[in-house]
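S.K.: A structural model of the following input is requested.
(2 chains)
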Amino acid sequence: MIRDITIGQYYPAQSRIHRLDPRVKIVCTLLFLVSLFIQNSLLGYVVATVFLGCVIRLSKVPLKFIVKGLKPVVILLLFTVVMNLFLTRGGNTLVHFWIFTITESGLRTSVLMAVRLIYLVMGSSIMTFTTSPNGLTDGMESLLHPLNRLNVPVHEVAMMMSIALRFIPILLEETDKIMKAQMARGADFESGNIIQRAKAMIPILVPLFVSAFRRANDLAMAMESRCYHGGEGRTKMKPLKYKAGDIRAYIFTVLYVVMMFAVGRFVPFRLWIF
Amino acid sequence: MIHAKELVYEYDKRDEEGNVIGTNRAIDGVDIDVPQGSFVAVLGHNGSGKSTLAKHMNAILVPTGGTMWVDGRDTRDPDELWNVRQTAGMVFQNPDNQIIGTVVEEDVGFGPENLGVPTDEIWKRVEDSLRAVGMIEYRKSSPNKLSGGQKQRVAIAGVIAMEPKCIVLDEPTAMLDPNGRKEVIRAVEKLRKEKNVTVILITHYMEEVIDADQVFVMDDGHIVMHGTPREIFSRVDELKTYRMDVPQVTMLAEELRKRGLDLPKGILRREELVEALCRLR
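M.R.: Okay, here's the model as predicted:
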């Protein structure tokens, strides 16, 4: 079940987008997300589609893979569309049936909102598909570094994230082992209603937690014995450095955002109600 | 290199509510002296205090009595803590719980990063140490995909990259299969010869200690036997009282000797036994 979710996964490939500095990818993704919200015109969405299309093309991640990432948000998406469709009032009424009314602006909002949400998820999954988890934490650490002055333990949080990532497969394997051990002794995880099933999880969770704590203790000792003492005075094996390609990516994205802004504001282009 | 004098480590025994109900002595008056470049093995059954002793060499634990010096530095001195840990690197039992990086080379680089070594130098050290343990072709792999023996070799490389004078291996082979055990021991052997590091091997596998310069046997927090492997293993009956086994070959030779065959004491290797048996005819 966990393996089906593609959102947040890394898709290893050799591409220009993969080679970009993680900081660039984080900042540009944020800019892209913002750009979706600063305008609301058809032409703006055309520009966004072209931009997203170019990035997906460059990243060499198959479109099918990215679309699969939308699966977990389908319900949220449908909910938003239905709500907007029936509850937004304004403009001419298109359909009226019993208590349901669909107006022009309702249709417009729901369609644009759906596109916006889809692009939001696609844009951010492109980032996670093309950046290794470690790259992401490194990028975050470097970007959030100024918060250090406000006494936010940026380095520690980044370290915790990367350790968590390292231990996810180990703990998954362990869960599997514990489940099998309990099943061998007659535990039943498959039948019964939701409450019974939740109760059946307890004999898995307790040993899992105990072992996770034991591992944490061992790991802390191993880290200390290798002279780990926080972020101070620490050098980096793979320091982040901007290259020419990274600068180009920044310029490209900023140009795109400016264009989105200009199109949304100043270009009157309407097709029917959109 | 590593020198302990009347070392004592006590900890509080607690009941289920966490009240102190007494103290336990895990180490009780231990004296050891390990010269630079030697290979020392510490044997003992579970709960004999051998792991606790190992943790003292890396200043993870500090003695409650007596003193431990690592390369002339008192481990109790907080100013010397990082120097002590850099001088005496430590490899633990569970291979999964001591690998920090998500990529092999990043994990090996973790120690030097902590020491503040410049980036170029880190890369050089990582490459050298991975080569020394024969794991260079796995540098880009995820540690989760390696076998136990390979993970343990990565852990050793991680310690080597800090350029310690001494490596303390705390039961590094206890969770491995026989093949993994061989891999790890071979890697340690190679390091000892090539880099002239002091090796302290804590173990309960007798086969691993036959090449050691000195063997210490621990029981109940004390050092009960001390000598070369040959001296130790010729005292089979005494070892048995400490719930220790001797290598199979030694055992066989001992049994044969008891039945009246004229074999020398303390045979350690199969070839030795073969030779001694041939000489009998």
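S.K.: you'd agree A:Leu70 is up against A:Leu117?
M.R.: No: if you go by CB atoms under 8 Å, A:Leu70 and A:Leu117 don't touch, sitting 9.1 Å apart. Backbone N, C-alpha and C define where each C-beta goes, glycine included.
S.K.: Now the common contact residues for the two.
M.R.: Residues touching both A:Leu70 and A:Leu117 (CB atoms under 8 Å, 6 or more residues apart in numbering or on different chains): A:Leu77.
S.K.: what's the spacing between A:Asp21 and A:Thr131?
M.R.: As for A:Asp21, its distance to A:Thr131 is 10 Å (criterion: CB to CB, to the nearest Å).
S.K.: who touches both of the two?
M.R.: In contact with both A:Asp21 and A:Thr131: A:Gly139, using CB under 8 Å, 6+ apart.
S.K.: Mind pulling the model confidence for the residue lying farthest from the centre of chain A?
M.R.: Note on chain A: the largest C-alpha distance from the chain mean falls to A:Trp98, namely 40.1 Å (CA atoms, centre = their mean). A:Trp98 carries a pLDDT value of 79.
S.K.: ok now do it, which residues does it touch?
M.R.: With CB under 8 Å, 6+ apart, A:Trp98 has no contacts at all.
S.K.: Now do the strands in the chain.
M.R.: Reading this off chain A. Using DSSP state E, the strands of chain A run over A:93-97, A:100-103.
S.K.: ah, no, chain B please
M.R.: Under DSSP E, chain B gives strands at B:2-14, B:20-34, B:39-43, B:65-70, B:73-74, B:88-91, B:166-170, B:198-203, B:214-219, B:222-227.
S.K.: and of these, who's closest to B:Asn179?
M.R.: Among those, strand B:198-203 comes nearest to B:Asn179, with 16.7 Å by CB to CB.
S.K.: and the closest one, what other elements does it pack with?
M.R.: Secondary-structure packing of strand B:198-203 (3 or more CB pairs under 8 Å, 6 or more residues apart in numbering or on different chains; DSSP states H and E): strand B:39-43, helix B:50-57, strand B:166-170, helix B:178-195.
S.K.: Can you name the residues of the stretch 1-150 of chain A that neighbour chain B?
M.R.: Taking CB under 8 Å from any CB of the partner chain as the criterion, the stretch 1-150 of chain A approaches chain B at residues A:132-134.
S.K.: What does the residue farthest from the centre of chain A show for phi and psi?
M.R.: phi 50, psi -120 (degrees, to the nearest 10).
S.K.: and it, how far is that from A:Leu107?
M.R.: Separation of A:Trp98 from A:Leu107 (CB to CB) stands at 18 Å.
S.K.: circling back to that earlier point, return the most buried member of the strands of chain A.
M.R.: With neighbours defined as mean count of other CB atoms under 10 Å in any protein chain shown, the strands of chain A peak in mean count at strand A:100-103, which reaches a mean of 16.
S.K.: For the stretch 51-200 of chain B, give me the ranges with low pLDDT.
M.R.: By pLDDT under 70, the stretch 51-200 of chain B has no low-scoring segment.
S.K.: quick revisit: how much space separates the residue farthest from the centre of chain A from A:Ser110?
M.R.: As judged by CB to CB, A:Trp98 and A:Ser110 stand 19 Å apart.
S.K.: before we move on, what about B:His222?
M.R.: In terms of CB to CB, B:His222 sits 79 Å off from A:Ser110.
S.K.: which residues pair with the spatially most central residue of chain B across the strands?
M.R.: The residue lying closest to the centre of chain B (CA atoms, centre = their mean) is B:Leu201, at 2.0 Å. Here B:Leu201 sits in beta bridges with B:Ala41, B:Leu169, going by DSSP bridges.
S.K.: could you pull out the helices for the stretch 51-200 of chain A?
M.R.: Using DSSP state H, counting those that start in this stretch, the helices of the stretch 51-200 of chain A run over A:63-68, A:74-87, A:104-130, A:133-143, A:154-184, A:194-225.
S.K.: Which residues of chain B lie near chain A?
M.R.: Proximity of chain B to chain A (CB under 8 Å from any CB) is limited to residues B:58, B:60, B:82, B:85-86, B:89-90, B:92, B:94, B:96-103, B:105-106, B:109-119, B:122-123, B:126, B:143-144, B:158-159, B:162.
S.K.: Of the residues you listed, keep whichever come out buried.
M.R.: By the neighbour-count criterion of 16 or more other CB atoms under 10 Å in any protein chain shown, those include these buried positions: B:58, B:60, B:82, B:85-86, B:89-90, B:92, B:94, B:96-103, B:105-106, B:109-115, B:117, B:122-123, B:126, B:143, B:158-159, B:162.
S.K.: List the ones among these that fall in helices.
M.R.: Secondary structure from DSSP state H places B:82, B:85-86, B:105-106, B:109-115, B:122-123, B:126, B:158-159 of these in helices.
S.K.: Low-confidence regions, chain A specifically.
M.R.: Scanning chain A with the threshold set as pLDDT under 70 gives A:1-8, A:269, A:271-274.
S.K.: re earlier: any chance of CSV for the residues of the stretch 1-150 of chain A next to chain B, columns distance to B:Val154?
M.R.: Conversion of the residues of the stretch 1-150 of chain A next to chain B to CSV gives the following (distance: CB to CB, whole Å):
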residue, distance to B:Val154
A:Ser132, 19
A:Pro133, 19
A:Asn134, 16
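S.K.: and the residues you listed as CSV, adding neighbour count and distance to B:Phe233?
M.R.: Formatted as CSV, the residues of the stretch 1-150 of chain A next to chain B follow (neighbours: other CB atoms under 10 Å in any protein chain shown; distance: CB to CB, whole Å):
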residue, neighbour count, distance to B:Phe233
A:Ser132, 16, 51
A:Pro133, 18, 50
A:Asn134, 20, 48
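S.K.: Could you single out the nearest of these to chain B?
M.R.: Lowest distance from chain B to the residues of the stretch 1-150 of chain A next to chain B (CB to the nearest CB) belongs to A:Asn134, with 5.4 Å.
S.K.: thought that closest one was touching B:Asp107?
M.R.: No: applying CB under 8 Å as the test, A:Asn134 and B:Asp107 come out as separate, 11.1 Å apart.
S.K.: okay, and the common contacts of the two?
M.R.: Counting by CB under 8 Å, 6+ apart, nothing touches both A:Asn134 and B:Asp107.
S.K.: In the stretch 101-250 of chain B, what residue lies closest to chain A?
M.R.: Among all residues of the stretch 101-250 of chain B, B:Gly109 sits closest to chain A, at 3.7 Å; criterion: CB to the nearest CB.
S.K.: quick one, what contacts that residue?
M.R.: For B:Gly109, the contact set (CB under 8 Å, 6+ apart) comprises A:237, B:101, B:122-123, B:125-126, B:161.
S.K.: quick one on the thing from earlier: how far away is the residue farthest from the centre of chain A from chain B?
M.R.: Distance of A:Trp98 to chain B, computed by CB to the nearest CB, to the nearest Å: 57 Å.
S.K.: ok, which residues in the stretch 151-274 of chain A are in contact with chain B?
M.R.: Residues of the stretch 151-274 of chain A lying close to chain B by CB under 8 Å from any CB are A:162-163, A:165-166, A:169-170, A:215, A:218-219, A:221-229, A:233-239.
S.K.: among those, which ones are buried?
M.R.: A:162-163, A:166, A:170, A:215, A:218-219, A:221-228, A:234-235, A:237-238.
S.K.: nearest to A:Pro203, of the contacts of B:Gly109?
M.R.: Taking CB to CB as the measure, A:Pro203 lies nearest B:Gly101 of those, at 33.0 Å.
S.K.: Would you confirm that that closest one contacts B:Gly111?
M.R.: No: B:Gly101 lies out of contact with B:Gly111 (CB under 8 Å); the separation is 10.6 Å.
S.K.: Many thanks, we can stop here.
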